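J.: Got a sequence here, can you build the structure:
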Amino acid sequence: MRAVKYLMLLVLSACATVDLDDPLYLQFAEVVARVEPVAEAECLQERPQGPCDFSFFIDIREDAFPNAYQALDRRGRPVVTFTRPLLKEIGNVDEIAFVMSHEAAHHILGHIQQQQFHAHEGAAWLGQLVEAEGGSSDEVANAQQLGALVGGRSYSKVFELEADALGTLIAARAGYSPTVGMAFFERIPDPGDQFLGTHPSNPDRLRVVQETIRAYDLQ
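T.: Numbers count the residues shown, from 1 in each chain. Below you'll find the predicted structure:
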């Protein structure tokens, strides 16, 4: 167990000291042990060619923004990272599992690749439009940047709701209660329904989770 805990800590400061018996880390390790095999099984079902070998980390910096996010390592393998401040805000293992499953769902559904594709398409379209209108090289470059921003965010709210739905299933299949886990939305500010916002409103997210719970008879 101690070796496992070492692997799951992302130490971003050479001077950092880590108490591996910290309840936060023990709680995190417990959730990883149950969510990871379910997430990988769901991933292999959706993406038989993978990659589906998830890694889960904690950013231990106390001054990090409370957050959890999914990324890809240099080999394209999925990585889910929680910041310590977020873990300190989360109330229980069901909420940790809910957030962890949501982030894993982003990879399973290919959201990073889709976002990159839409950003590329948006940059190309708007850049070509400005160029066709006789814009300067600087104007074309600015248009490409704007097009990438708009394109990259065009489906971000849809992606979040899709990850909420699949994440609900993953958390439940790992033995956690999505009904308890979705209380996480009460801990984060409601972004509302902003134009080009990256996240949907909390009521919309709760609705999707509740619909998934009813549809699959979850608790």
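J.: Residues contacting the strand or helix carrying Leu161, please?
T.: Using DSSP states H and E, Leu161 sits within helix 156-173. Contact with helix 156-173 is made by 35, 38-39, 42, 94, 97-106, 108-109, 111, 114-115, 177-178, 181-182, 197-200, 204-205, 208-209, 211-213, 216, 218-219, as judged by C-beta atoms under 8 Å, 6 or more residues apart in numbering. For every residue, glycine as well, the C-beta is placed using N, CA and C.
J.: I'd like to know which of these are buried.
T.: The neighbour-count test (16 or more other C-beta atoms under 10 Å) marks 35, 38-39, 42, 94, 97-106, 108-109, 111, 114-115, 177-178, 181-182, 199-200, 204-205, 208-209, 212-213, 218 as buried among the contacts of helix 156-173.
J.: relative to its centroid, which residue of this structure is most remote?
T.: Gly134 (40.4 Å; C-alpha atoms, centre = their mean).
J.: Give the helix, strand or coil label for it.
T.: Gly134 falls in the coil class when you classify it by DSSP: H, G, I helix; E, B strand; the rest coil.
J.: Could you pull out the buried residues of the helix holding Leu161?
T.: Neighbour-count burial for helix 156-173 flags 156-157, 159-173 (criterion: 16+ other C-beta under 10 Å).
J.: How far off centre is the helix or strand just after it?
T.: Later in the chain than helix 156-173, the nearest helix or strand by DSSP H and E is helix 178-181. Offset of helix 178-181 from its chain centre (C-alpha atoms, centre = their mean, to the nearest Å): 17 Å.
J.: following helix 178-181, which helix or strand shows up next?
T.: Using DSSP H and E, the helix or strand that follows helix 178-181 in sequence is helix 202-215.
J.: tilt between that following helix and helix 156-173?
T.: Angle, helix 202-215 to helix 156-173, by axes from the mean of the first three to the mean of the last three C-alpha atoms, to 10 degrees: 40 degrees.
J.: among the helices and strands of the chain, which has the poorest mean pLDDT?
T.: Ranking every helix and strand in the chain by mean pLDDT, DSSP states H and E puts helix 2-7 at the bottom, with a mean of 41.
J.: could you point out where the chain is predicted with low confidence?
T.: 1-20, 114, 116-131, 139-155, 191-199 (pLDDT under 70).
J.: contacting residues for the spatially most central residue of it?
T.: Centroid-nearest residue in the chain, with C-alpha atoms, centre = their mean: Glu103, separated by 3.1 Å. By C-beta under 8 Å, 6+ apart, the residues touching Glu103 are Ala68, Tyr69, Gln70, Val80, Ala163, Gly167.
J.: From the residues you listed, pick the one nearest Arg187.
T.: Nearest to Arg187 among those: Ala68, at 12.1 Å, using C-beta to C-beta.
J.: wait, isn't that closest one in contact with Arg84?
T.: No. Counting by C-beta atoms under 8 Å, Ala68 does not reach Arg84; the two are 11.1 Å apart.
J.: what angle separates the lengthiest helix in the chain from helix 156-173?
T.: Longest helix of the chain, by residue count under DSSP state H: helix 23-46. Counting by the same axes, to 10 degrees, helix 23-46 lies at 100 degrees to helix 156-173.
J.: Noted, bye for now.
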